[in-house]
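Asker: Here is my input, please return the structure:
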Amino acid sequence: MGDPDFTPVPLDALLGDAAIRRVRAAFKPDATLPREAYGAPVTLPPDGGTSHFSVVDAAGNAVALTTTVNTSFGSTYVAGKTGVLLNNEMDDFVAKPGVPNAFGLVGQAANAIAPGKRPLSSMTPTIVRRDGRVVLAVGASGGPTIITGTLQVLLNVLAFGLDPRAAVEAPRVHHQWVPEVLMAEPGIPRDVTDALAKRGHEVKAGWQRFTAVQVIACDPEGQLGASDPSKLGAPAGVPDAREQPR
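Answerer: The predicted structure is shown next:
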């Protein structure tokens, strides 16, 4: 995978009907398989300075925005007297194929550094709409754990009916393809991690979360926000000025 302006991205091979049928046929609910069995197009070797905010206004307009300097304090350099901290986003490129970056991710030559090229990123700002109305604005910080953290909060709200606070506080698992290790946070029951191990996963239990998901759920009665307890953030609301007494 790499910048689609530089590298052909096989979207049909990833998302096409035939690809979905192939992956579904390979899926076994009681066992995990080597990644090659799911049709990985390449063989990968083994292998926070990000913030997210979600905003919804009284009219239902929504913003999910993720911004990053990559690792904590980015490059650690400030541009002169501007106070602007320079990022180290170059680490999201592949400096050398097979060598992991700061987050342990291993890439291929398609994501090599080049002028005018965009690096791969895990940032996943997401807005969910139903019948033309925003129902969720969500995103996260946390490097490669952004994708799995955001997805699990989405599932907690949309599939399991949890409120936003319960959805972000629930324990999570994380797998980033390489290495082939499933990381489970404290709070995942032992019988669950044992069952995952029996299905063929190499489970690392007691993994400490560094993902921080920020979510707002919307319904006709208003909005309900939640901030991940892994950071010292908090949801906040501003009263609609049109409803203030004069």
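
Asker: okay, CA-based contacts and neighbour counts for the rest of this
Answerer: Will do.

Asker: So which helix or strand of the chain has the lowest pLDDT on average?
Answerer: Lowest on mean pLDDT, DSSP states H and E among the helices and strands of the chain sits helix 11-15, with a mean of 80.

Asker: got a list of contacts for that helix?
Answerer: Outside of helix 11-15, the residues within contact range by Cα atoms under 8 Å, 6 or more residues apart in numbering are 19-20.

Asker: likewise stretch 123-142?
Answerer: So stretch 123-142 is in contact with 48, 50-56, 60-66, 143, 146-147, 149-150, 154, 210-219, going by Cα under 8 Å, 6+ apart.

Asker: swap the cut-off to 7 Å and go again
Answerer: 48, 50-52, 54, 60, 62-66, 146-147, 150, 210-219 (Cα atoms under 7 Å, 6 or more residues apart in numbering).

Asker: next one: stretch 219-238
Answerer: With Cα under 7 Å, 6+ apart, stretch 219-238 has contacts from 135, 164-165, 168-169, 209-210, 212-218.

Asker: Helices - which of the residues you listed land there?
Answerer: Among the contacts of stretch 219-238, DSSP state H puts 164-165, 168-169 in helices.

Asker: And the contacts of stretch 123-142, which of them are buried?
Answerer: 48, 50-52, 54, 60, 62-66, 146-147, 150, 210-218 (16 or more other Cα atoms under 10 Å).

Asker: picking up where we left off before, least trustworthy position among the contacts of stretch 219-238, going by pLDDT?
Answerer: Minimum pLDDT for these is recorded at residue 210 (77).

Asker: Return the residues in contact with it.
Answerer: By Cα under 7 Å, 6+ apart, the neighbours of residue 210 are 142, 230.

Asker: gap between it and residue 136?
Answerer: 22 Å (Cα to Cα, to the nearest Å).

Asker: Now residue 109. Nearest residue, chain neighbours left out?
Answerer: residue 97 (6.0 Å; Cα to Cα, 6 or more residues apart in numbering).

Asker: hang on, that neighbour is in a strand, isn't it?
Answerer: No: with DSSP: H, G, I helix; E, B strand; the rest coil as the criterion, residue 97 is coil rather than part of a strand.

Asker: what about it, distance to residue 111?
Answerer: For residue 97 relative to residue 111 (Cα to Cα), the value is 9 Å.

Asker: These two: which has the busier surroundings?
Answerer: residue 111 (23 against 16; other Cα atoms under 10 Å).

Asker: so what's the closest residue to that one other than its chain neighbours up against?
Answerer: Closest residue to residue 111 apart from its sequence neighbours, by Cα to Cα, 6+ apart: residue 2 at 4.5 Å. Counting by Cα under 7 Å, 6+ apart, residue 2 touches 110-111, 119-120.

Asker: Top of those by number of neighbours, please.
Answerer: Neighbour counts for those, by other Cα under 10 Å, peak at residue 111, which reaches 23 neighbours.

Asker: Strands along the chain, start to end?
Answerer: Applying DSSP state E to the chain gives strands spanning 50-56, 62-68, 126-130, 133-141, 173-174, 182-184, 203-205, 212-219, 222-227.

Asker: what are the pairing partners of the fourth one, and which direction each?
Answerer: Meaning strand 133-141. Using DSSP bridges, strand 133-141 pairs in its sheet with strand 126-130 (antiparallel), strand 212-219 (antiparallel).

Asker: so how far is the first residue of stretch 193-209 from its last?
Answerer: From its first residue to its last, stretch 193-209 covers 16 Å (Cα to Cα).

Asker: For that stretch, buried residues please.
Answerer: Buried, per 16+ other Cα under 10 Å, within stretch 193-209: 193, 196-197, 201-203, 205, 209.
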